[in-house]
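Q: Need a 3D model of the sequence below.
(one chain, ligands or ions: 2)
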Amino acid sequence: MDLKRLFSEFLTETQISDSSEDLENYGKDWTKHFTPNASLVLFPKTTEDVQKIVVCCQKNKIAVIPSGGRTGLSAGATATQKEVILSLEKMNKIQELNPIDQTLRCQAGAVLENIQNHALENGYYYPVDFAARGSCQIGGTLATNAGGIKVIRYGLTRNWVAGMTVVTGTGEVLNINNGLVKNATGYDLRHLFIGSEGTLGVITEVLLKLTTPPQDLQVMLFSTTTLEAIMNVYKAFRDELVLTSFESFTDVCLNFVESQGRVSSPLQEKAPYYLLIEFENTSGQLDKAMEVFERCLEKEWVTDGVISQSDQQAKDLWALREDITEATSVKQPYKNDISVNIHKVPEFLSLMTQIIKEKHPSFQVAWFGHIGDGNLHVNILKPEDLTSDEFISKCKEVDVEMFSMIKKLGGSVSAEHGVGLVKKNYLDHTRSAAEIEYMKHIKQVFDPNGVLNPGKLLP
Ligand code: 2HG
Ligand code: ZN
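A: Numbering: from 1, shown residues only. Ligands and ions are numbered 1, 2, ... in the order given. So this is what the prediction gives:
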């Protein structure tokens, strides 16, 4: 089939690309282990364009992949089977801020950081935030129900969606919820599309909820020596302050970040674990934080700590945590993104450390993550003496053990990065057979011909 000709019946020349550069770039995301193999990239400009593409794909049984900023780490937006890519990149307008409703309407391809800045310039705040903010697109953040560094205070993307326009796999355009705060009229379809990884519909427009910006954010960095101490520090601060973040990383991560030379830790002593907390300095919260810190020191739960003295210092402290992904990338890390109930984090970590020590002693692991959400990023770093293929196959052995342990602990094989291609064979470690069966029925309803992102999410 001459796909280019087929789509040029309703798209212009500039909206269709089969250049090898585009096929390569748009065919992959940040997962990296998958070889891109796309057949065409399409750039719709309107919801109507998207509808026409989906209808055409449905009629001709063409697999189509909705594609945002491609910052995902689960191969949810990769094209490996000659699929057509539907990039939302040209639908990037930030359209209308309604100050009474506190909502912001934008097209799905708008970049998260632009949305955050637009909200701030107008005295509002969009609180979903993470390191890929400068590249990821809002539609993708809905499709993956993105989490990030502020979940402890503001929740996941799901909490911030007041409405959306979606083109379903059948080519139907749905305008869902219209920004209503209250709407008790049956199933809330917003929540089916959020987190569906482009398997049920293409999100083309979103209506986001906004809030008031946080005031005088303070950042503290602590060093600590045991996993149990981390949980004690978490409880102590969480009980007395309204935290906006509670993050952690290990000495391995810090060494990588420091060796890249951008920022270094202001703490005097090295320690196995570091904690970064953030809170708003309202109603004496700073004094309270100092009190809690003193108590943690006395009890030897922390060994050292600093508090940011300026916005720049706060940014630098954050960089110690946010630069880990980039700093460790030289070691081609094999990534996982799991969650357990918060109180089970130490148990998970010590069981994992045991597995690695016994079975793969040459592996170095960079642990970090949103420990206040029970979400850890497990990055296994590639030893020099292994080829990429050898390394990946050994890491897959670790996956088997790690995911069966996660199952026993009642955790999730993907806390925030999603299922995509990477986790779909482990979906049953977190979701029951009955749940997966219902999911398959739901897929059938919205995409009966299976044209939207086939092979992703569902086993
Ligand atoms: C983060 O928390 C991201 O920084 C990326 O979710 C995690 O690189 C990773 O494994
Ligand atoms: Zn994360």
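
Q: looking at this, Phe246 is in a strand?
A: Yes - counting by DSSP: H, G, I helix; E, B strand; the rest coil, Phe246 is part of a strand.

Q: and Asp2, how many neighbours?
A: 7 (other CB atoms under 10 Å). Backbone N, C-alpha and C define where each C-beta goes, glycine included.

Q: Contact partners for it?
A: If you count contacts by CB atoms under 8 Å, 6 or more residues apart in numbering, Asp2 has none.

Q: what about it, distance to Asn60?
A: 11 Å (CB to CB, to the nearest Å).

Q: Ok, Gln107 next?
A: 26 Å.

Q: Comparing those two, which residue is more hemmed in?
A: Each of Gln107 and Asn60 has its neighbours counted (other CB under 10 Å); Gln107 has more, 23 against 13.

Q: give me every residue that touches that one.
A: Going by CB under 8 Å, 6+ apart, Gln107 touches Leu88, Met91, Asn92, Lys93, Ile94, Gln95, Gly139, Thr204, Glu205, Val206.

Q: which residues touch the nearest residue to it once chain neighbours are set aside?
A: The shortest distance from Gln107 to any non-neighbouring residue, by CB to CB, 6 or more residues apart in numbering, is to Met91 (4.0 Å). Residues near Met91 by CB under 8 Å, 6+ apart: Pro44, Lys45, Thr46, Gln107, Ala108, Gly109, Thr204, Glu205.

Q: Let me know the secondary structure of the closest residue to the fifth one other than its chain neighbours.
A: What that stands for is Ala108. Leaving aside its sequence neighbours, Ala108 sits nearest to Gly139 (CB to CB, 6+ apart; 2.8 Å). Classification of Gly139 using three-state DSSP returns helix.

Q: near ligand 1, which residues of the stretch 351-459 of the chain?
A: Neighbours of ligand 1 within the stretch 351-459 of the chain, by CB under 6 Å from any ligand atom: His377, Asn379.

Q: related to what we said a few turns ago, test my guess that the residue nearest to Ala108 contacts Leu86.
A: No - counting by CB atoms under 8 Å, Gly139 sits too far from Leu86 to count as a contact (10.7 Å).

Q: in the stretch 251-400 of the chain, which spans are strands?
A: 273-280, 304-307, 334-339, 364-370, 375-381 (DSSP state E, counting those that start in this stretch).

Q: Nearest approach to Val50 belongs to which of those strands?
A: Nearest to Val50, of all the strands of the stretch 251-400 of the chain, is strand 334-339, at 29.1 Å by CB to CB.

Q: Give me the contacts around the closest one.
A: 73-74, 348, 369, 373-380, 382, 391-392, 395, 398-399, 402, 406, 411-417.

Q: out of those residues, which are buried?
A: 73-74, 348, 369, 373-380, 382, 391, 395, 398-399, 402, 406, 411-417 (16 or more other CB atoms under 10 Å).

Q: Check the stretch 51-200 of the chain for the residue nearest ligand 1 and tell me.
A: Of all residues in the stretch 51-200 of the chain, Ala131 sits closest to ligand 1, at 4.7 Å by CB to the nearest ligand atom.

Q: Could you pull up phi and psi at that residue?
A: phi -60, psi -30 (degrees, to the nearest 10).

Q: that older thread, redo the strands of the stretch 251-400 of the chain as a markdown table? Include mean pLDDT.
A: Formatted as a markdown table, these follow (pLDDT from 0 to 100):
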| stretch | mean pLDDT |
| --- | --- |
| strand 273-280 | 98 |
| strand 304-307 | 97 |
| strand 334-339 | 97 |
| strand 364-370 | 97 |
| strand 375-381 | 97 |
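
Q: can I get the ones you listed in a markdown table with distance to Gln15?
A: Formatted as a markdown table, the strands of the stretch 251-400 of the chain follow (distance: least, CB to CB, whole Å):
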| stretch | distance to Gln15 |
| --- | --- |
| strand 273-280 | 42 |
| strand 304-307 | 51 |
| strand 334-339 | 33 |
| strand 364-370 | 38 |
| strand 375-381 | 37 |
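
Q: Of those strands, which is nearest Glu437?
A: Per CB to CB, nearest to Glu437 of the strands of the stretch 251-400 of the chain: strand 334-339, 23.5 Å.

Q: Pull out the buried positions in that closest one.
A: Under 16+ other CB under 10 Å, the buried positions of strand 334-339 are Tyr334, Lys335, Asn336, Asp337, Ile338, Ser339.

Q: who does the third one bridge with?
A: Just to be clear, that refers to Asn336. Beta-bridge partners recorded for Asn336 (DSSP bridges): Val378.

Q: For ligand 1, see how far away it is.
A: Applying CB to the nearest ligand atom, to the nearest Å, the value for Asn336 to ligand 1 is 8 Å.

Q: Run through who's touching stretch 54-66.
A: 1, 3, 6-7, 10, 38, 53, 77-79, 81-86, 88, 139, 143, 167-171, 198, 202-203, 449, 451-454.

Q: Residues of this protein that sit close to ligand 1?
A: Phe130, Ala131, Thr325, Lys335, His377, Asn379.

Q: ok, now which ones touch the second one?
A: To tie it back to what came earlier, the one meant is Ala131. By CB under 8 Å, 6+ apart, the residues touching Ala131 are Gly148, Ile149, Glu322, Thr325.

Q: Now for the last one, how many residues are close by?
A: Counted by other CB under 10 Å, the residues lying close to Thr325 total 21.

Q: Over to the third one?
A: Applying other CB under 10 Å, we find 21 residues neighbouring Glu322.

Q: pLDDT at it, what is it?
A: pLDDT for Glu322: 95.

Q: For it, which residues are in contact?
A: If a contact means CB under 8 Å, 6+ apart, then Glu322 has Ala131, Ile149 as its contacts.

Q: where does the closest residue to Arg153 other than its chain neighbours land on pLDDT?
A: Using CB to CB, 6+ apart and skipping the chain neighbours, the partner closest in space to Arg153 is Thr244 (4.4 Å). The per-residue pLDDT reported for Thr244 equals 98.

Q: for Lys28, same thing?
A: On the pLDDT scale, Lys28 is placed at 96.

Q: now swap in Phe403 and tell me
A: pLDDT, Phe403: 98.

Q: That one - that's part of a helix, no?
A: Yes - looking at Phe403 with three-state DSSP, it is inside a helix.

Q: Before I go, just wanted to say thanks for your time.
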